[in-house]
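Visitor: starting from these lines, generate the structure:
(chains A, B and C)
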Amino acid sequence: MMTSSVLAGYLIVSGLLLSIGLIGFFVRRNLIVMFLCTELMFQGAAIAFVAIGRFLFDYSGQVMVIFILTVAAAEAALALALVVLLHRQRDTLDADVFGELQE
Amino acid sequence: MIEAFSILSKTIAMPAVSTDQVVQGIDLSWAGFILWMPLISLLLCGLCAAFKVKSKAPAFITVICLGTSFLLTLLLWQGYDEPVRIHLFDWLQVNLVDGSFVANFSLYVDSLTLLWMLFVTGLGTLIALYASEYMEHDVGKGYARFFAGVSVFIFAMGCLVMADNLLLLYLGWEGVGFASYWLIGYFYQRPSAVAAAKKAFIVNRIGDVGLALAIYLIWSKFGTVQYDEIKTALESYQYNASFGDWSVHAIPYLLMLAAFGKSAQLPLYVWLPDAMEGPTPVSALIHAATMVTAGVYLIIRTYPLFMMPDSHALETVAWVGGLTAFLAATIGMAQYDIKRIMAYSTVSQLGYMFLGLGVLTSYGAAYHVFTHAFFKAVLFLTCGAIMHGFAGQLDLRRISGLRKMKGWKIVSYTMLVGCLCLAGFPLTSGYFSKDAILAQAFVTEGAGFKFLGWLAIFTAGLTAYYIFRVWFRVCCGPVQYEAGDELHGQDSSSFHPHAPRFTINIVLIVIACGAVLSALPYFMPNETEGIHGGWVAEMIYDSPAIAGVPGASIESDSSSQEVAQGEILGMDPHTAMYYISAIVGFVGIGFALYFHLFFRSAADKLRGKLLANRATRWLPTAMEHKWYVDEVYIALIRSPLWILGKLFSLVDRYIIDGALVNGIAAIPRCVARWFSPLHNGAVQSYAVSMIGGAILIALLMLFMPEIIEFLQAATTDSGEQTIALLGGGQ
Amino acid sequence: MTMIVIGVTAAGWLIGLATGSLSTFADVSQGVFFFIFSLCGVASSIRLVTHDRPVYSALYFVLVVLSTAGLFLLLEAEFMAFALVIVYAGAILITYMFVLMLANQAVDSDQPHTQALYDRIPREPAAAVGVGFLLLCLISGTVIGGTSSLPTQGVQQSQWSTLEHLSKQFESSVMELDASFAWPPVDSPSGNKIRHDGIEAFIVSSDGTTLVLPTSLLPTNTQQVGWSLVNDFPVSLELAGVILLMAMFGAAILARRAIELGEQEKRNVLLGNNRDANPLDDSGDQS
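Guide: Next comes the predicted model:
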């Protein structure tokens, strides 16, 4: 039996993790750490899903977290493969070096 | 010859007809060909130009077409009975709520028309023939263009003269202006020719404004632009109480403005001397005989409008004419270019014609037009022959003794004929026509007409002087010559003048004969009773300008000017004028003889003395510089407009182009430059902007109800509510 | 340094909030564990974001994952907790470590100046913190205002619905509880066998006897998740498998070195003539 304020607490935690992950993504220049921060955001989302799922006794929340896990794993694999390629190109992991999109 | 004329005059029945009885032309639609032949010639010459024909074909086409027009005009004259209107085709017919504007392409043939068309087509044909030899240097280059221009001119002049309504006349008016521009600017590679063409067109335009406004006023006041209907309307007006409506009184002044523009009177005469840049046949045809008389024709056609009670229009015409005659004669005395002298002489003689119109002798003016056409044409054509033969030499100081040169006799003696007529030597045509005008000046009552008469007599003396100056200098004396500027390739020491050949000579002889014979109509007996003045008077009698025919009685019981009988020095004016003008002419010729034949150096010495003396120095310089009229115009009119133009070009370049167009174009560039640092290629900064924006929108949506409440509270101007909201909000 | 300050401030606020709501937890121990796990998680995440060595960041991430797992346990989602640990900490983080090592990101501690510049100096921290703050405002605003409006009635019913579907287990557990119960139970007006009156669950038999079901009869979390997954989201399950397959292929292809073959060698390979030239030689230049 969960009260809504307890739920609020869980959701605040999830939000915190999300925000800190967001800040980290903006701040860090190392490509791998940037991806790590996105993984952090995934954690926040997972907590939110499970908390609300528990509140509503609906297990779709947890199923959603399974899928998040799956997709996160797949994405991590591909992202790291790309990072490896980029590293081979410029021998650095600095995100600012790959600036070909600019005007 | 005289018998032929009298037979012809007998065949012309001359009833006293008032012009509201106009008979519709039964079977005279062939008269339209008088106009269509020059058009056909234009088309064919145009084709010659397109196919770059290298023969003299365009000239012959033009001569044949114009000759046909002349023959048709003769036929028309033959069968002339009374004024007819020949309808060619419908042109403009606009029906409005309270009136209509009808202007058809119809010909109104009365004797005035025939008088004009005879010498227009006749001289046109002869001059086209002359030009076929004169312009032979340009065969294959501009030859066809020249004759196309002549054809256009004759067509337009025909429209002008034979129109039955003022709009068709306006068409012809503009057409002759356009043809004049075409032909003056014939040597288009010469900047001076181009400038002269522009000047002619622009100054004519000033007059055209007057004509357009006059046509509009006539339409708005009388409801029609057709001559016969105007006459009817005007007659009924004349019996009303005097109309104080200023716009009706403005009509003659506007018409006058148009006439002054086209016929080169003060102050719009400045284009005519510059128009001498065109080839000489052009000067002879257009600027001596035909186009410049269009102004005179206009005024004769609309004469009843000038004779409204309490109107000073005719006096204005007389004064302008008289002053122009005097001014132009003084300028002509001091020029050295013989064509220019002829040009100023034309201006001066046109002044005489307007003077004649103003002192109420339209007969005199018309007769002077007729005779002037012949003798001025012959004078111009002889100048042209000299120019043609001496490679463009026109300075009278550099050619002398022409009549003693082989092959130049015909030129010299035809020039003499022209000079005698112009100077008013007794028993020449010019003598009689000028006499008609001068005598009337003393007879008619008007403001200062007597002074004008004496001024005109003095001017006649000046005319005699300057024209014989030309003849004595160029044709008499020791044989000397220099080549002119158009000498191509030959050196001047081995230059031989090339005398005119058959075509030019025959044309000169024919026109000179015409000049001599144009005195004859004066002696023809008049069939209509009471009038005298010969054949020309008969021709004018049938026209609206009947009031100017000597001896004609006008059926009107208003106090309009009558043809009075005055006297000069106790004698009948005509007799007196015979003697006075003869004396004045001899005096003028005598001076010319002294200064320019016997003691040629005396002229230069006199000029030197005048220049040396401070008090009289202005006289020869001003006269040589044409009284600085051109300079005044440049200062008063051209320069301000040029400055205005420059100013506007600056406005265009900096304000419209710079500030508006380029400025507005620069705005996207500036805006782009502000925003381009956003594209720095760093994924994270893109992420910041993207996510930051999304979050802001989400926040906005989240707090939207509170924001709406806040705004509503703020706009309802209630402090308590605002405070309550702020305190009870988040 | 500013990172740490801001992080601590945020955490402090959270503590203040939490302490105020400590009383709402049903079980005080639950509340204590909740704070421990969440504090640990938030603190680790802050350290992850601010540490200049990437390997340490990865290790702190492991800590975050463990805290999340703890929170999941508190939420009675034990399957999810351990799945998370296994997949994330056991697989994904290991991959990250491999790549970090591959990119020579491990730095000797006695030569700190060789640390890459881009790890030490953050990029536009002000803008980032501003956006993060806004996000936090958004989330807290939604949460604090909105959680009270979530439905609380009737949700108790749904946790028993899975048991109904597991008919064998249902029957055996009911029989174990009370062998005299007349199987099957009567449906309630809303179609469920198990009824709930807001406090406890019970079933009614055809002859009117009511049997209260204790919460120990509830299926385990694993059963619940499994049933939900297979019953409600079969397609997504298959698709998840496909995604993983694609990821595997993709990663293998992407990370391969490209080999530049000359024309002759290409022809050889195509025609199957691999006599002399070894097409897999690393003879080409790096792409």
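Visitor: now stretch B:89-97: mean pLDDT?
Guide: Averaging pLDDT along stretch B:89-97 yields 80.
Visitor: how far off centre is that stretch?
Guide: Relative to the chain's own centre, stretch B:89-97 is displaced by 29 Å; criterion: Cα atoms, centre = their mean, to the nearest Å.
Visitor: just stretch B:509-519 next, same as before
Guide: For stretch B:509-519, the distance to the chain centre is 25 Å (Cα atoms, centre = their mean).
Visitor: likewise for stretch A:13-31?
Guide: Distance, centroid of stretch A:13-31 to centroid of chain: 8 Å (Cα atoms, centre = their mean).
Visitor: residues in contact with the closest residue to residue A:83 other than its chain neighbours?
Guide: Once flanking residues are discounted, residue A:83 sits nearest to residue A:31: 5.1 Å by Cβ to Cβ, 6 or more residues apart in numbering or on different chains. To be clear about C-beta, it is placed using only N, CA and C from the backbone, and glycine gets the same treatment. Neighbouring residues of residue A:31 by Cβ atoms under 8 Å, 6 or more residues apart in numbering or on different chains: A:83, A:86, A:93-95.
Visitor: same question, residue C:11
Guide: C:39, C:42-43, C:46.
Visitor: of the residues you listed, closest to chain B?
Guide: Of all the contacts of residue C:11, residue C:46 has the smallest distance to chain B: 18.7 Å, by Cβ to the nearest Cβ.
Visitor: burial of that closest one, as a residue count?
Guide: 23 (other Cβ atoms under 10 Å in any protein chain shown).
Visitor: can you read off the pLDDT for it?
Guide: 90.
Visitor: cool, residue C:96 as well?
Guide: Residue C:96 is given a pLDDT of 91.
Visitor: leaving out chain neighbours, which residue sits closest to it?
Guide: residue C:58 is the one closest to residue C:96 (Cβ to Cβ, 6+ apart), at 5.2 Å.
Visitor: that neighbour contacts residue C:98, doesn't it?
Guide: No - judged on Cβ atoms under 8 Å, residue C:58 makes no contact with residue C:98 at a distance of 10.5 Å.
Visitor: just give me the neighbour total for residue B:484.
Guide: 19.
Visitor: likewise residue B:600?
Guide: Neighbours around residue B:600, by other Cβ under 10 Å: 17.
Visitor: which residues does the closest residue to it other than its chain neighbours contact?
Guide: Distance criterion Cβ to Cβ, 6+ apart; nearest residue to residue B:600, sequence neighbours excluded, is residue B:477 at 7.0 Å. By Cβ under 8 Å, 6+ apart, residue B:477 lies in contact with B:400-401, B:597, B:600.
Visitor: then residue B:345?
Guide: Residue B:345 touches B:328-329, B:332, B:376, B:379, B:422, B:463, B:466-467, counting by Cβ under 8 Å, 6+ apart.
Visitor: one more time with 7 Å
Guide: B:332, B:422, B:463, B:467 (Cβ atoms under 7 Å, 6 or more residues apart in numbering or on different chains).
Visitor: ok, back up a step: can you redo the contacts of residue B:477 as a markdown table with pLDDT?
Guide: What follows is those, written out as a markdown table (pLDDT from 0 to 100):
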| residue | pLDDT |
| --- | --- |
| B:400 | 84 |
| B:401 | 83 |
| B:597 | 74 |
| B:600 | 71 |
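Visitor: out of the residues you listed, who has the most neighbours?
Guide: residue B:400 (20 neighbours).
Visitor: state the distance from that one to chain A.
Guide: Going from residue B:400 to chain A by Cβ to the nearest Cβ, to the nearest Å gives 85 Å.
Visitor: I figured that residue hits residue B:478, correct?
Guide: Yes - with contacts counted by Cβ atoms under 7 Å, residue B:400 reaches residue B:478, the gap being 5.9 Å.
Visitor: assign the residue nearest to residue B:600 to helix, strand or coil.
Guide: Under DSSP: H, G, I helix; E, B strand; the rest coil, the three-state class of residue B:477 is coil.
Visitor: point out the residues in the stretch 51-200 of chain C that sit beside chain B.
Guide: C:123-124, C:127-128, C:131, C:134-135, C:137-138, C:141-142 (Cβ under 7 Å from any Cβ of the partner chain).
Visitor: need the buried ones from the residues you listed selected in PyMOL.
Guide: Command for PyMOL, covering only those of these found buried under the criterion 16 or more other Cβ atoms under 10 Å in any protein chain shown:
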select buried, chain C and resi 123+127+128+131+134+135+137+138
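Visitor: that older thread, which one of the contacts of residue B:477 sits closest to chain A?
Guide: Of all the contacts of residue B:477, residue B:400 has the smallest distance to chain A: 84.9 Å, by Cβ to the nearest Cβ.
Visitor: is that closest one bridged to anything, and to what?
Guide: Applying DSSP bridges to residue B:400 gives these bridge partners: residue B:480.
Visitor: chain neighbours aside, what residue packs nearest to the residue of the stretch 151-287 of chain C found nearest chain B?
Guide: Residue nearest to chain B within the stretch 151-287 of chain C: residue C:254 (18.6 Å; Cβ to the nearest Cβ). Nearest non-adjacent residue to residue C:254, counting by Cβ to Cβ, 6+ apart: residue A:81, 3.9 Å away.
Visitor: for that neighbour, which three-state class applies?
Guide: Assignment for residue A:81 (three-state DSSP): helix.
Visitor: any idea how far it is from residue A:95?
Guide: 17 Å (Cβ to Cβ, to the nearest Å).
Visitor: same deal with residue B:193?
Guide: Residue B:193 sits 77 Å away from residue A:95, going by Cβ to Cβ.
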